[in-house]
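Q: quick check, what structure comes out for this input:
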Amino acid sequence: MKIRPSAAAAACLAAAAIAMPAFALDYPARKPGLWEIQTGDGGKGQGHTMQQCIDAASDKSLREMGQGMGKEMCSKQELRLDGGKLVMDSVCKIGNTTATSHAVMSGDFNSAYRMESKSSYNPPLMGRAEGTSVIEARWVGPCKADQKPGDMVMPNGMKMNVIDMMNNRPKRP
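A: Down below sits the predicted model:
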């Protein structure tokens, strides 16, 4: 199956967001295995559920990819520990839009974690001046027999390996 470049870019961005937001500090490593990740806006609307198979190396690669994107896109990245929760504030460019975000992450990264974020966009991004997102992830168990580290199963059932996609993308000069 051929994947359009825009779909590949979106998948990489989604993987980075799922792995961890882009900040320079090290995050706790997630437990190796299969993670079920639900994303939504925190409301009653339908979110999206995907699965991600990781091992220690792929989890580290995904965190490093997110950190690299943050260095390229963000003028401010602050992370602090507050009462056992990670609190993140950032200012990043997405095209011509400046996204100012505040996120709080909690959990143990062995069985589950949750991230709630609020962002404002100036000028509006895709018609939205602000947005809220919630990511809830839980460890399901070992990866399935037909999965390898880096595999993601998207909500539409499409399977892709984000580590392979990262390794196969053209190098920037």
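Q: where do the strands sit along this structure?
A: All strands of the chain, identified by DSSP state E, fall at 33-40, 48-54, 74-82, 85-94, 97-107, 112-125, 128-141, 151-153, 159-161.
Q: closest one to residue 169 among those strands?
A: Nearest to residue 169, of all the strands of the chain, is strand 159-161, at 12.6 Å by Cβ to Cβ. From N, CA and C alone the C-beta is placed, and that goes for glycine too.
Q: angle of the biggest helix by length in the chain against strand 97-107?
A: In the chain, ranked by residue count with DSSP state H as the criterion, the top helix is helix 56-73. For helix 56-73 against strand 97-107, the angle by axes from the mean of the first three to the mean of the last three Cα atoms, to 10 degrees is 150 degrees.
Q: ok so, going back, rank the strands of the chain by mean pLDDT and give me the bottom one.
A: Mean pLDDT across the strands of the chain is lowest at strand 74-82; the value there is a mean of 90.
Q: direction included, what does that one pair against?
A: In the sheet containing strand 74-82, the strands it pairs with under DSSP bridges are strand 85-94 (antiparallel).
Q: next one: the partner strand to chain centre, how far?
A: 13 Å (Cα atoms, centre = their mean, to the nearest Å).
Q: over to stretch 151-164?
A: Stretch 151-164 has its average C-alpha position 13 Å from the chain's average C-alpha position, going by Cα atoms, centre = their mean.
Q: now stretch 118-130
A: Shown here is stretch 118-130, whose average C-alpha point lies 19 Å from the average C-alpha point of the whole chain (Cα atoms, centre = their mean).
Q: cool, and stretch 109-117?
A: Per Cα atoms, centre = their mean, the centroid offset for stretch 109-117 relative to its chain is 11 Å.
Q: show me which residues of that stretch are buried.
A: Of the residues in stretch 109-117, those scored as buried under the neighbour-count criterion (16 or more other Cβ atoms under 10 Å) are 109, 113, 115, 116, 117.
Q: alpha carbons of that stretch, in CSV - could you do that?
A: The C-alpha coordinates for stretch 109-117 follow below in CSV (Å, rounded to 0.1, in the frame of the first residue of the first chain):
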residue,chain,number,x,y,z
PHE,A,109,4.1,5.2,32.3
ASN,A,110,4.0,1.5,33.3
SER,A,111,0.3,1.0,33.2
ALA,A,112,-1.2,4.4,32.1
TYR,A,113,-0.7,8.1,31.5
ARG,A,114,-2.9,11.0,30.7
MET,A,115,-2.2,14.4,29.1
GLU,A,116,-4.6,17.3,29.1
SER,A,117,-3.6,20.4,27.0
